[in-house]
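Colleague: Here is my input; please provide its structure:
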Amino acid sequence: MNSTIVRRTAAIAGALVLGGGAGAGIYAATSSGSHSAQPATTTVVAAQTAAAKQTVSNLTQLYKTVTPGVVDIKVTSTSQDGFSFGGQQQSSAEGSGFVYDTSGHIVTNAHVVDGAQSITVRFQSGKTAKATLVGTDAGTDIAVIKVDVDASMLHPLTLGSSAAVQPGQEVIAIGSPFGLAGTMTSGIVSAVDRTIEAPKNYSIAGAIQTDAPINHGNSGGPLLNASGDVIGVNAQIESDSGGNDGVGFAIPIDSVKSVVSTLVAGGKVQHAYLGVKVGDAAGGPGARVGTVIAGSPADKADIQPGDVITTVDGKTVSSADDLTAAVGTHAPGDKVTLTLTRDGSSHTITVTLGVRPS
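Modeller: From the prediction side, this is the model:
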């Protein structure tokens, strides 16, 4: 999913329609019969005194607590101008991020800062700071940038866990959709264990699907639980319109933690690699191998197109997503045992996982 050049739109004013209770007519009743009509009696009722204190919702308090740790990120980059020989064109993009620690590290999406020549971070207070790129991992679409500011400006968010996230759970997204920094939206977890595509065409397993409105500019911002803990990094939307259609995806924080800690320490993130392109098996459980990459661990282990992988280390593989997730739990150099069917026969193969190519 590419960074989007953010263009502000003119404000759209909506008409407020009042219901019948506002300014409704008052009707007097007349008694029937021979009795003469009595003058109507007017009763004056004192207006109710407004509550001295307005109730503050849990979400309001969460917003006050969390938003100082959410930042707006502006990126400028230069690309080759296709309309003139040797010319260059400058473009800008905008995304979101959140403070990771008091050393100035900030987490965002790799696609937000891809190709950046200049990165500017704006805090809730309105103060801005130039940021440097610490490192990126295209395999999980995660990046870490760093600002050199006073520690009083840094409000690290609490990292939760994505392991126990369940559909129906309330979630909150905070970020800069269309450049509107500090925007909060809420919804529920629509599904878990989704697989989405990373910028380099690799798969990210375990993504959290949510109906909390996420739009261009939310990329890199936090997805929070009701306690204000980060459970995911907002990254993608599924949309026919180009805007929010109620299907958004966040990278699970349990995957993000290990990536960020490696990048902050100056290391290079490595992912286990099998070397196959797979789809769901037809007519039954399993992951059907469509393509085997030449020279890959799968190729060396004699896995063939058409094979249906049904278990990894004895654990059932019901779909292509299951296989992706299973491989993702391992490190390069790990040996895994696969059970697969080929031409109606079952085979057991041991594969030594490699390092995913960059």
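
Colleague: Just say helix, strand or coil for Val278.
Modeller: strand (DSSP: H, G, I helix; E, B strand; the rest coil).

Colleague: What is the neighbour count of it?
Modeller: Neighbour count of Val278, defined by other CB atoms under 10 Å: 25. C-beta: built from backbone N, CA, C; applies to glycine.

Colleague: host element of Asp299?
Modeller: Assigned by DSSP states H and E, Asp299 belongs to helix 297-300.

Colleague: can you pull out the strands in the stretch 1-150 of the chain?
Modeller: 70-80, 88-99, 105-109, 118-122, 128-137, 142-147 (DSSP state E, counting those that start in this stretch).

Colleague: What mean pLDDT does the third one get?
Modeller: For strand 105-109, the mean per-residue pLDDT is 98.

Colleague: Can you tell me what sits against that strand?
Modeller: Contact partners of strand 105-109, identified using CB atoms under 8 Å, 6 or more residues apart in numbering, comprise 71, 73, 95-100, 121, 131, 134, 141-147, 219-220, 233, 235, 256, 260, 264.

Colleague: Drop anything exposed from these.
Modeller: Neighbour-count burial (16 or more other CB atoms under 10 Å) is assigned, among the contacts of strand 105-109, to 71, 73, 95-100, 121, 131, 134, 141-147, 219-220, 233, 235, 256, 260, 264.

Colleague: about what we covered before: could you check the helix holding Asp299 and say which residues are buried?
Modeller: 297-298.

Colleague: pLDDT value on Ser239, please?
Modeller: The model's pLDDT for Ser239 equals 89.

Colleague: For it, which non-adjacent residue is closest in space?
Modeller: Asp245 (4.6 Å; CB to CB, 6 or more residues apart in numbering).

Colleague: Assign a three-state SS to that neighbour, would you?
Modeller: coil.

Colleague: In contact with it, which residues?
Modeller: Asp245 neighbours (CB under 8 Å, 6+ apart): 237-239.

Colleague: Mind giving me the packing neighbours of the helix holding Asp299?
Modeller: strand 287-292, strand 345-352 (3 or more CB pairs under 8 Å, 6 or more residues apart in numbering; DSSP states H and E).

Colleague: now the ones you listed in TSV, with distance to Gly306 and mean pLDDT?
Modeller: Formatted as TSV, those follow (distance: least, CB to CB, whole Å; pLDDT from 0 to 100):
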stretch	distance to Gly306	mean pLDDT
strand 287-292	7	96
strand 345-352	12	96
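
Colleague: Sketch out the helices for the stretch 101-250 of the chain, chain order is fine.
Modeller: All helices of the stretch 101-250 of the chain, identified by DSSP state H, counting those that start in this stretch, fall at 110-113.

Colleague: rewinding a little: quick one: which of the contacts of Asp245 is most hemmed in?
Modeller: Neighbour-wise, the contacts of Asp245 (other CB under 10 Å) top out at Ile237, 21 neighbours.

Colleague: Where does pLDDT dip in this structure?
Modeller: Residues of the chain meeting the criterion pLDDT under 70: 1-56, 79-87.

Colleague: Nearest to the spatial middle of it, which residue is it?
Modeller: In the chain, the residue lying closest to the centroid (CA atoms, centre = their mean) is Asn234, at 1.6 Å.

Colleague: Would you mind confirming that it is in contact with Ile214?
Modeller: Yes: Asn234 lies in contact with Ile214 (CB atoms under 8 Å); the separation is 5.2 Å.

Colleague: Can you get me a residue count around the closest residue to Asp334 other than its chain neighbours?
Modeller: Excluding its sequence neighbours, the residue lying closest to Asp334 (CB to CB, 6+ apart) is Leu353, at 5.1 Å. Leu353: 21 surrounding residues under other CB under 10 Å.

Colleague: What separation do you get for Leu353 and Ile196?
Modeller: Using CB to CB, to the nearest Å, one obtains 21 Å as the distance from Leu353 to Ile196.

Colleague: what's across from the residue lying closest to Gly284 once chain neighbours are set aside in the sheet?
Modeller: Nearest non-adjacent residue to Gly284, counting by CB to CB, 6+ apart: Val308, 7.8 Å away. Beta-bridge pairing for Val308 (DSSP bridges): Arg288, Thr341.

Colleague: Might you report the residue contacts of Val308?
Modeller: Counted by CB under 8 Å, 6+ apart, Val308 has contacts 281, 284, 286-289, 340-342.

Colleague: for the residues you listed, which one is nearest His271?
Modeller: For the contacts of Val308, the closest approach to His271 (CB to CB) belongs to Ala287, at 17.7 Å.
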